[in-house]
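*Asks:* Pasting the sequence and the predicted model now:
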Amino acid sequence: MQLQDQVHIGGSADMTIETIAEPVRKNYLNDKQGILSWLLTTDHKRIGLLYTFSITVLFFIGGFFALMMRLELLSPRNWLVSTETYNKLFTMHGIIMVWFFLIPSIPNTIGNFVIPLMIGAKDLAFPKLNLASWYVFMLGAGVTIYALFRGGVDTGWTFYTPFSTGYSTTYVIAAAMGIFISGFSTIMTSVNFIATIHRMRAPGLTWFRLPIFIWSMYANSVVLVLNTPVLAITLVMVAVERVFQVGIFDPALGGDPVLFQHMFWFYSHPAVYTMVLPGMAVISEIVPVFSRKPIFGYTAVAFSSVGIAVIGFLVWGHHMFVAGESVYSAMAFSLLSYFVAVPSAIKVFNWTATMYKGSVSWDTPMLYAIGFIGLFTIGGMTGLFLAALGLDVHVHDTYFVIAHFHYIMVGGTVMAFLGAFHYWWPKISGKLYPEGLGKLGAMIVFLGFNLTFFPQFVLGYLGMPRRYAAYPEEFQMLHIISTAGATILGVGYILPLCYLIWSWKYGKPAGPNPWRATGLEWQTSSPPPTHNFKKTPVVNVRAYDYEAMKEQLGLREREFENV
Amino acid sequence: MSTSLQFWPDSASSVAGEINLFYITMIVLCATIAIGIAIFLIYCAIRYHRKRENEMGDQTRNYIPAEVTWIVTPFLLFMGMFMWGAKMYMDIERPPDDAIPMYAIGKQWMWKIQHPEGQREINELHIPVGRPIKITLTSEDVIHSFFVPAFRTKQDVLPGRYTMIWFEATKPGKYHLFCSQYCGNKHSGMIGYVYAMQPADYQAWLTQGAPEGSLSSQGEKYFHQYGCANCHHFDNQGRCPDLRNLYMRPVQISTGDYVTADDSYIRESILDPNAKIVYGFQPNIMPNFSGLIPEDQVVALISYIKALGPAPGNQMPSSNGAVPKSFGTQPGIAGPNATSGSGSHRGQR
Amino acid sequence: MSEPVLVGNQLLELREQFENPEQQRETASIGMWVFLITEVMMFGGLFTAFTVYRLSNPAAFNEGSKEMTIVLGAINTALLILSSFTMALAVYSSSIGKTKLLAIFLIITMIIGLCFLGIKFTEYYLHYQDHKVPGFWFEYHGPSARQVQMFFVFYFILTGLHVIHMTIGIGILLVMLYRTLLGSFSATYHTAVDLAGIYWSFVDIIWIFLYAIFYIPGLHLK
C-alpha cells in the first residue's frame, strides 16, 4: 500500500481531498437495489438504517402506551381504561422503551452507522454478525409484540418476584423471552463494536486521537457485554420458577425475592448507564463541532466514560434502600452512588467549557445538545436527592423517581438521539433537513418535555406513588399539567419524523461536510460509498483539531471584538 | 374536578422537619448550580454566537486548574450530602426503645393492622401523637410497601420475612397510607388512612372495644389451638424449649452459633422449626406449620411469646444488674451475657 | 464477499472489511474472548445465586449433593479433561498444517463429547427414576425437602445450560471437520480451529466448577 494513495487527514498542506472535490455517484444507498439487497446486506450503514426503522416504529408504539397512560391519569378515577389495562400499559411502555428503544437506540442506529466511518474502517469487524443481530432483535421484538397481542404483561418492566413468578396471570414468559432474545442482539452488537474499536482503527488513529464518541461507545459496549448475560440468566430463572413452580425467588417455595432484586439491579443499574452513555457520546461530538473548538478536557471526558462504566457496576443497591437492605450496605451503596455522580458532573462542566470562546452556531443539533445539557443536569442533580439515604426513603417509588429518570432517559437520551439524527442526517441521507422546522421541533420537544415531567417532581415529593391507575384528588391538577405537556411532546416527536422523511427525497443536497467538522466521517462523500472511503485514510492529528485542519476546512481564526 | 394546586405535603412526624430542611437545602444548592450552568450556557451561546460562516473558536484544549476545581468541588459537596443523608437514615431506621409495637400485614390489596391491645383494623391505622410507633411488617403474598408521605417514611413489605418501620406522629390529623411497591391489579386501591390522635382520644378509641382481647391473649388461644402447649411446657421438662423469657435473648442453635430471638427468629421457628434447632434439642419433633398458620395468627403467637414473663418464682432482671436465675435454665436459651459455645449449660444446673 | 489474498505461498480468504490477514485473525480472537466474558457473566450469575442459597442452607445442599452419582460425575470430568487434551492436539495439528491429524483429533474430541452427553443423560434418567426432577416429579423425605429441591433446581439449570453449550461445541467441531475436509485450513490460516479450541476448553472448565459444587460436597455424607 503506497502512502501517496491515501487520504491524509490534517497535516501536510499538499494533500488532496479527492473525495470532497469529486462527487461520488455510487453510494451505499444506490449501490444495490431491491428489498433483498437491504434484508441481506452486511453494510453497517444499511443495517444502521434497518435498526433506525425498527426502533422508530417501536418508539412510537411505546410512546402510544405513554400517551394512553397520561390520558388515563387526567382523572383521579379510572375513566379511560381499567386498572388491569393501565398496569399492562405501563409495563409494556417500560419494556418496549427500555429494551427495544433506549438500549439499542443510539448504538445500533447511529453507532452502527458512524463508528466505522469515524475510525476510518470499511465496515464493522463482523458484518454478518451485525446483520444477525438485527434479525435477532426483530425476533425479540416480535415475541414481545406477540405477548402484547395475547393480552400483555402486568408485572412492571422490573418483573419483581414473587409477583411475576407466582401471582401475575399475564404473558410474563413471552415478554421475558422477548427481552432474553433481544439481549443476544445487544451482546452481538457490543462484541462487534469492541472488536472493531480495538482492531479496525485507521493507521495513525491512536486511542487518544479518537473522537469522544468512540470512547463512550466503547465503554458502553463493555458494560453491555458484562451485564446483559446476568439479565438473561435472571429471566431464565424467573421463567423456570414460573413454569415449574419450583423455588428460586418465591419465599412460599423457599426462595428469596430480594436476591432477584439484587440480580436484576446488578443488570439494570449499569443498563441505565448504557442508555445514557451513548447520549453523552453524541453530545461530546455535537458540542465541539458546533462550537468549532476541540472538546475541553479531552482526557477527563474520555476517562469519565470509563469511570461511569466501572463505578456503575457497584451502585445497584441504591434501588433497594427501602427493600430491607441492612443499614450498612445501604450506606456503602449511597456513598458509591455519589462517586458515580462525579464523572457525570465532569462531563457537564467540560461540555459547557467547550462552548466558552467558541464559534457557537444555533443549528438544530446544537439546540438539542444545549437542551440535553440542561435536562441532564436536572436529571443528574435529582439523582443526588435519590442517592441521599434519608431523603430516598420518602421519594423512593414515587413520581419523583419517574421524573428523575425521564429527565435522564427522555431529556437526555432521546434529545441526544434526535440531535444525533439531525447532526448526521446529511451524512446518512446526503440531504439537508429543513433548518427552520428543525429548530421549531427542538423547541417544542424541550418545552413539552419540561411541562410533562417537571410537575412530576412536585407530585413525587407530595407522595404520589408510582404505577397508580387512580389517585387521591389533590394530585389531579399536576397530573393535568403533565398530560398537557405530554401531548405537546408527542407533537414534538412527530414533527422531526415528518420533515426528516420529507427531506430524504426533497431536501437540498448536503455535500460531504456541511458542518465543517473534523471527524473522519465527514471526509468522505455524503452518502458514503459502500466501503466508506475510496482509500483508507491515515490520521496524524488529534480529534477536533481545527487548528491543523483549518485550511482544509476553509476556516480562519475568530476575531474577538473585545476579548 | 379538583382545581387546587398543591405543592407541599403535610409534615406530621418527628423526622419530617429535618427531611424538609434537607430537601429544601438540596433544592437551593442544586438550583443555584443548575441556574449557574444554564446562565453560562446561554451566555456562551449568545456571546460567542457564530458571526461569519468560516470562523472557528478559540483552540484551548485544557485548563488544569479549572478541571481540578470542577472535580474536587462537586466531590466535596457530594460527600456532605452523603453524610447528612446517611445520618437521617440512621434516625429513620432505628426505632426508639419505648416504641409501641404494632403489626401490619400486607395482602393483595389491603392492609391489615393489629394493635397490641387487640384491635384489628383494615386500611386504617389509629395512632397517638407524641408516641413512637414501631410496626412490624409482613406480606401474605407479593411485595408491598408501607408508605405514609406525611411521615416521610416507607418500608417494603416482604412475604416470608419481617421488616420494620417506625414513626412518631407530631400533629393530629388524617394522612394517606399508600402501597408504593407495585403489587398487581388493584395496587392503586391498596390505600388507607392513618389517623393521628391526641393521646386521650386514642385511649378513648382503644376502649371502644377489642372483642377478642389483647393480641397476646389471642396468641395464647392459638398456642393451645395449634397444640403448641402440648410440648412447650413451662417447666423445662418438655421435649421442646421453654418459651419463657425467650424474646430478644440470645439463643444457641445446633450449629453452635447464637441468634437473637427476635420476631423474625420466632416466626421462622414456628413456620419452619428445623431451620434453626435450639442447641440440645432434636430436630423433626415439631411439625412444619408453613402455610398452616396465617400471618396474623403468627403475629398473635409472637405477641404471646413476647408477653411470657419469667417463670413463677423467679425474679425479673434485678436492678443491680445481676443475672436472674431463670436465665439459662434450659439448654440453648442463654442469659444476656452468653458469649461462647458453652453458654447453654450455665445457670442453675 | 471475500477476496483471495496471497500470503506466503498460499491464497487466503480475506474478508472485505480487513486490511490484512493479521488484522483479521486478531479481530476474530478479540471477538471470541469478549464473547467468553459474556459466558462467564452468565454462568457467574447462576453461580452467585447458587452460592447465596448454599450459604443459607449448607446442610440441605450437602444432602442434595449426596444424591449425586459421584462415579458418573468423575468419569465425565475425566472425559472432558481428556477431550481438552485432544482438542489441544487438534489445534496444534492445524498450526503445523497436518490437516489429516486435525481431522482425526476433531473426530476423537467429538466422540468424547458425545460420550459425556450420553453419561449426562443417563444421570438425568437416574434422577428421574429417583424422583429428583423438580417441577416434574420431586420427592424427598426429610425436614429440608424444599431446600434440597432448590439444590436440584440449580443442578438442572446449570448442568442443562452446560449440556446446551456442549451440544453447540460439538456442532462447532462438526463445522470445523467439514471445513477441514474441504481443505480450508493450513499452517497459515487456522483461526477458526483456534477459536473452536478456546470455546471447547472454556466449556470444559465450566464443567470442572460444576463437578466441584454439585458432586464433591456430599461425598463425606455417603
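*Replies:* It's in.
*Asks:* Okay, strands next: where are they in chain B?
*Replies:* B:55-56, B:100-107, B:110-114, B:120-122, B:124-128, B:132-139, B:144-148, B:153-157, B:163-168, B:173-179, B:192-197, B:250-252, B:258-260 (DSSP state E).
*Asks:* ok, and the closest non-adjacent residue to A:His531?
*Replies:* Leaving aside its chain neighbours, A:His531 sits nearest to A:Lys122 (4.6 Å; criterion: CB to CB, 6 or more residues apart in numbering or on different chains). C-beta coordinates here come from the backbone N, C-alpha and C atoms, glycine included.
*Asks:* Compute the number of surrounding residues for that neighbour.
*Replies:* By the criterion of other CB atoms under 10 Å in any protein chain shown, A:Lys122 has 21 neighbours.
*Asks:* do C:Gly113 as well
*Replies:* What C:Gly113 shows, counting by other CB under 10 Å, is a neighbour count of 23.
*Asks:* show me the contacts for it.
*Replies:* C:Ser83, C:Met166, C:Gly169, C:Ile170, C:Leu173 (CB atoms under 8 Å, 6 or more residues apart in numbering or on different chains).
*Asks:* before we move on, what about A:Phe303?
*Replies:* Contacts of A:Phe303 by CB under 8 Å, 6+ apart are A:Pro343.
*Asks:* hmm, try it at 10 Å
*Replies:* A:Trp215, A:Ala219, A:Gly297, A:Pro343, A:Ile346 (CB atoms under 10 Å, 6 or more residues apart in numbering or on different chains).
*Asks:* Going by distance to B:Glu117, which of these wins?
*Replies:* Lowest distance from B:Glu117 to those (CB to CB) belongs to A:Pro343, with 54.3 Å.
*Asks:* what's near enough to touch the closest residue to B:Leu301 other than its chain neighbours?
*Replies:* Distances taken as CB to CB, 6+ apart place B:Gly219 nearest to B:Leu301, at 4.6 Å, with adjacent residues excluded. Counting by CB under 10 Å, 6+ apart, B:Gly219 makes contact with B:213, B:228, B:297-308.
*Asks:* Now render the strands of chain B as a markdown table, adding mean neighbour count.
*Replies:* A markdown table is the format used below for the strands of chain B (neighbours: other CB atoms under 10 Å in any protein chain shown):
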| stretch | mean neighbour count |
| --- | --- |
| strand B:55-56 | 18 |
| strand B:100-107 | 22 |
| strand B:110-114 | 21 |
| strand B:120-122 | 14 |
| strand B:124-128 | 20 |
| strand B:132-139 | 22 |
| strand B:144-148 | 27 |
| strand B:153-157 | 27 |
| strand B:163-168 | 22 |
| strand B:173-179 | 21 |
| strand B:192-197 | 20 |
| strand B:250-252 | 21 |
| strand B:258-260 | 16 |
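*Asks:* out of those strands, nearest to chain C?
*Replies:* strand B:258-260 (13.0 Å; CB to the nearest CB).
*Asks:* Who are the packing partners of that closest one?
*Replies:* If you count contacts as 3 or more CB pairs under 10 Å, 6 or more residues apart in numbering or on different chains; DSSP states H and E, strand B:258-260 packs onto strand B:250-252, helix B:263-271.
*Asks:* Name every strand pairing with it and say which way it goes.
*Replies:* Take DSSP bridges as the rule and strand B:258-260 pairs in its sheet with strand B:250-252 (antiparallel).
*Asks:* Flag every buried residue along the helix or strand where A:Val240 lies.
*Replies:* Assigning secondary structure by DSSP states H and E places A:Val240 in helix A:212-244. Residues of helix A:212-244 classed as buried: A:212-242, A:244 (neighbour count, 16 or more other CB atoms under 10 Å in any protein chain shown).
*Asks:* For the residue of chain A found nearest chain C, list the residues it contacts.
*Replies:* Of all residues in chain A, A:Phe244 sits closest to chain C, at 2.7 Å by CB to the nearest CB. Contact analysis of A:Phe244 by CB under 10 Å, 6+ apart lists C:Val133, C:Pro134, C:Gly135, C:Phe136, C:Phe138, C:Val153, C:Phe156.
*Asks:* longest helix in chain C, by residue count?
*Replies:* Looking across chain C with DSSP state H, the single longest helix is helix C:145-182.
*Asks:* you'd agree A:Gly152 is in a strand?
*Replies:* No: assigned with DSSP: H, G, I helix; E, B strand; the rest coil, A:Gly152 falls outside any strand and is coil.
*Asks:* For it, grab the count of nearby residues.
*Replies:* There are 20 residues near A:Gly152, going by other CB under 10 Å.
*Asks:* Quick one, grab the pLDDT at it.
*Replies:* pLDDT recorded at A:Gly152 is 91.
*Asks:* Distance of it relative to A:Met68?
*Replies:* 12 Å (CB to CB, to the nearest Å).
*Asks:* Quickly list what's touching both of the two.
*Replies:* By CB under 10 Å, 6+ apart, the residues touching both A:Gly152 and A:Met68 are A:Thr85, A:Leu89, A:Met92.
*Asks:* out of those residues, which are inside helices?
*Replies:* Within these, residues falling in helices by DSSP H are A:Thr85, A:Leu89, A:Met92.
*Asks:* show me the contacts for the first one.
*Replies:* If I follow you right, that is A:Thr85. Applying CB under 10 Å, 6+ apart, the residues contacting A:Thr85 are A:Met68, A:Met69, A:Glu72, A:Asn78, A:Gly151, A:Gly152, A:Asp154, A:Ala469.
*Asks:* and what of the second one?
*Replies:* Contact analysis of A:Leu89 by CB under 10 Å, 6+ apart lists A:Phe64, A:Phe65, A:Ala66, A:Leu67, A:Met68, A:Met69, A:Glu72, A:Leu80, A:Val81, A:Gly152, A:Asp154, A:Ala469.
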